[in-house]
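1. Coordinates for the following, if possible.
(one chain, ligands or ions: 1)
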Amino acid sequence: MPRSIAVFGAGYIGLVTGACFAELGHQVVVRDVVPDKVAALNAGDVPIYEPGLSDVIARNAGRLRFTLDAGEAAAGAEVVFVCVDTPPTASGDADLSRVWAVVEALRGAVHLKALVVKSTVPTGTGAKIRAYLDRVGLGHVGYASNPEFTAEGRAVADFMHPDRIVIGAFDEASAALVAEIHEGVDGPVMAMDVLSAETVKLTANALLATKISFANEVANLCEATGADVERVMGAVGADHRLGAHFLKAGVGWGGSCFPKDSLALKQLAANSGYPFQLLNAVIEVNDLQRRRAVNRLKEQFGGLSGKTVALLGLTFKANTDDMREAPSTVIAARLLAEGATVRCWDPMARLPQHEPWTLTTRHSTPLEAVAGADAAMIVTEWPQLRDVPWEQAKAAMAGPVLFDGRNLLDPQAMAEAGFTYLSVGRATTQP
Ligand code: UDX
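-> You can find the predicted model right below:
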C-alpha cells in the first residue's frame, strides 16, 4: 500500500532512501536545509555522484519532490525518515542537533504514524526521542530505528537488495509499518528492540574497519618479512568463517561512516564505563597507515623537500565524489609539511576549498598530473588507473618512483615499465 513519506536530509543516505521509496511506489517528499540543493533537485539536477541515482530520481519524478519547509514536509506525512548527518563533536560524541531539529519539527504532524531514524545515533537515543514524543503529545506516533548499511558507489543496489533490513521498534505496529514500507525490497527483515538496532550499525562498521586495519597490519608485517599480503589475505579470506571481503590492504579506510562510527562506538563504550580497547588499536592503526605511506616515500628519497609528488585518486574510495575523511587529505598535508610540491588527479572528487587542497594543483588526466613529478602515488583505486599507458607516464616523469597505495597494478609489469614500484605488503620491484 503506497504511503506518504517525508525524508529529512538530502545527503547520500536521504536521497537514495527517498528515491528508492518512490521507486517502490510511495509518495515521497525530501526535505533539506540547503536552498541551492533543493532548487537543483527540483530542477532535476542531482548534486552528488551516486551511480544509478539520477535515473531512479528521474523515473519517479511524479512521486518525488523536494522542499525546504520542514513543517510542510511533516504535516502531510504518515511516516518520517530521519536521514540527517550526525558528525562527531569536539569530544568525539555524535552531534545529534540535526536529529533533534527534525523531531521538534513534528509537532504539527497530525497524520504521522511513525518516526523512523536512519541516521547513525548512539545507543539510547531512541528512548530519549520516545520520551520527548510522549511529553509533547505525540504519544500516538510510533518510533523505529532502521539503520542504513548502503555503501557509497553502490547505494541504490544495496538499498534494493540488502543483506538485511534491521528494524528496532518499541511496539509491534510500528515495526510492521516500517516492514510494510519496504515491501518490494529484496532482503530479510530482522526485527528487534531499539537498543539492539541502534548498536548494530556501529558494530558492523567497527568490525569492517577492524578487518581492514588487521589486513593493513599484516601488510606491514609482510613488508618486514618478505611475504606477499595479497597472497596471504587471499588464502586467509578463502576460509568461509572469515570471509574474503574487507581484507584489502592499502592506505587505510576513510569516508563518512567508518571513521565516525568507530569513534562513536569508542566514545559510547567509554561513556558507558567500558573501554573498548580493540577499537582504539583499530583507529590508531588506520591513522598510522596513511602516515606510513608518506614515510616510505620519504625513505625512498632520503627526504621529500623539493620533490614533486603526483597523487592519483583523491576520494576516499572509487566510484564516489566524496572526500570525507579521505586518506588523500592526510597524505597531501604530510607531503606538503615535508616540503614536497603536490600535483593531483581525480575524475570525480569535490575538493574542499581549504588546505591542503588549495596548496596543490589539480590536473585533468593522470598523465598530466605525473608530468615532471619525481614520484607518483596511487591513493584511490579508480579503475581507469589500470589503463594508464604507464611506460609513457614513466617517460614524462622526472623520477622513476611509483607508490601504489591500493595494490592496483602488477609489480612485475610496473618494473618492466621502468618504475621503482612500491606497494602495500608486497616486495618492491625495480626496473
Ligand atoms: C561503509 C559500509 O560499507 C556501509 O555498510 C555503511 O552503511 C557506510 O560505511 P562506505 O563508507 O560507502 O560504506 O565505504 P566502504 O566501501 O565500506 O569502504 C570504506 C573504506 O574502507 C574506504 O576508504 C575503502 O577504500 C576502505 N577499504 C574497504 C579498504 O581499505 N579495504 C577493503 O578491503 C575495503
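
2. contacts and neighbour counts: CA atoms only from here.
-> OK.

3. A strand includes residue 323, no?
-> No: assessed with DSSP: H, G, I helix; E, B strand; the rest coil, residue 323 is coil; it does not lie in a strand.

4. what does stretch 332-342 rub up against?
-> For stretch 332-342, the external contacting residues (C-alpha atoms under 8 Å, 6 or more residues apart in numbering) are 291, 294, 303-311, 355-357, 359-361.

5. measure the residue minimising distance to the centre of the chain to residue 152 for me?
-> Taking C-alpha atoms, centre = their mean, the centroid of the chain lies closest to residue 255, which sits 3.5 Å from it. Noted for residue 255: a distance of 9 Å to residue 152, by C-alpha to C-alpha, to the nearest Å.

6. One more: residue 22?
-> Distance from residue 22 to residue 152, by C-alpha to C-alpha: 19 Å.

7. Over to residue 430?
-> 36 Å.

8. So which of those two has more stuff around it?
-> residue 152 (22 against 17; other C-alpha atoms under 10 Å).

9. Phi, psi for the more buried one please.
-> Residue 152 adopts backbone torsions of phi -60, psi 150, taken as degrees, to the nearest 10.

10. Mind naming the longest helix for the protein?
-> Across the chain, the longest stretch assigned as helix under DSSP state H is helix 194-225.

11. Now the element after it, going C-ward?
-> helix 229-237 (DSSP states H and E).

12. and the residue nearest to the centre of the chain, what does it touch?
-> Residues in contact with residue 255, defined by C-alpha under 8 Å, 6+ apart, are 316, 317, 322, 323, 324, 325, 326.

13. now the residue lying closest to the fifth one once chain neighbours are set aside: how far from residue 413?
-> Which is residue 324. In space, and not counting its chain neighbours, residue 324 is closest to residue 255: 5.0 Å by C-alpha to C-alpha, 6 or more residues apart in numbering. Computed as C-alpha to C-alpha, the residue 255 to residue 413 distance reads 31 Å.

14. so who does residue 136 touch?
-> residue 107.

15. what's the neighbour count on residue 201?
-> When neighbours are defined as other C-alpha under 10 Å, residue 201 has 24 of them.

16. correct me, but it touches residue 145?
-> No: Residue 201 is beyond contact range of residue 145, at 10.4 Å (criterion: C-alpha atoms under 8 Å).

17. Tell me which stretches of the chain form strands.
-> Taking DSSP state E to define them, one finds strands in the chain at 4-8, 27-31, 64-67, 79-82, 114-117, 142-145, 165-169, 189-192, 308-312, 341-345, 361-363, 375-378, 401-404, 420-423.

18. Dump these to TSV, plus mean pLDDT and mean neighbour count.
-> Putting those into TSV (pLDDT from 0 to 100; neighbours: other C-alpha atoms under 10 Å) gives the following:
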stretch	mean pLDDT	mean neighbour count
strand 4-8	97	28
strand 27-31	97	26
strand 64-67	96	22
strand 79-82	97	27
strand 114-117	97	26
strand 142-145	98	27
strand 165-169	98	25
strand 189-192	98	17
strand 308-312	98	27
strand 341-345	98	23
strand 361-363	98	16
strand 375-378	98	26
strand 401-404	98	23
strand 420-423	98	25
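
19. Report how many residues lie close to residue 47.
-> 16.

20. try residue 416
-> 14.

21. Please save the CA atoms from stretch 326-333 in PDB.
-> Coordinates of the C-alpha atoms in stretch 326-333 are reproduced here as PDB (Å, rounded to 0.1, in the frame of the first residue of the first chain):
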ATOM      1  CA  ALA A 326      39.800  10.600   2.600                       C
ATOM      2  CA  PRO A 327      43.300   9.300   3.300                       C
ATOM      3  CA  SER A 328      44.500  11.600   0.500                       C
ATOM      4  CA  THR A 329      43.900  14.600   2.700                       C
ATOM      5  CA  VAL A 330      46.300  13.400   5.400                       C
ATOM      6  CA  ILE A 331      48.800  12.200   2.700                       C
ATOM      7  CA  ALA A 332      48.700  15.600   0.800                       C
ATOM      8  CA  ALA A 333      49.100  17.500   4.100                       C
END
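
22. do it and the ligand meet?
-> No: on the criterion C-alpha under 6 Å from any ligand atom, stretch 326-333 is out of touch with the ligand, staying 6.7 Å away.

23. how far out from the middle of the chain is that stretch?
-> Stretch 326-333 sits 15 Å away from the centroid of its parent chain (C-alpha atoms, centre = their mean, to the nearest Å).

24. Could you do stretch 219-233 as well?
-> 27 Å.

25. residues making contact with that stretch?
-> 215, 218, 244, 247, 248, 249, 424, 425, 426, 427.

26. please redo it, this time with the cut-off set to 6 Å
-> Outside stretch 219-233, the residues within contact range by C-alpha atoms under 6 Å, 6 or more residues apart in numbering are 425, 426.

27. cool, stretch 100-115 as well?
-> The contact list for stretch 100-115 (C-alpha under 6 Å, 6+ apart) reads 71, 74, 75, 77, 78, 79, 80, 141, 142, 143.

28. Show me which positions of that stretch end up buried.
-> Neighbour-count burial for stretch 100-115, counted by 16 or more other C-alpha atoms under 10 Å, picks out 102, 103, 104, 105, 106, 107, 109, 112, 113, 114, 115.

29. ditto for stretch 46-66
-> The neighbour-count check on stretch 46-66 (16+ other C-alpha under 10 Å) flags 46-51, 53-54, 56-57, 60-61, 63-66 as buried.

30. Determine which two of those are furthest apart.
-> Across the buried residues of stretch 46-66, the longest distance by C-alpha to C-alpha is 21.5 Å; it joins 49 and 63.

31. Pull up the residues of the stretch 201-350 of the chain that are close to the ligand.
-> Counting by C-alpha under 6 Å from any ligand atom, the stretch 201-350 of the chain comes close to the ligand at 212, 245-250, 252-258, 316-317.
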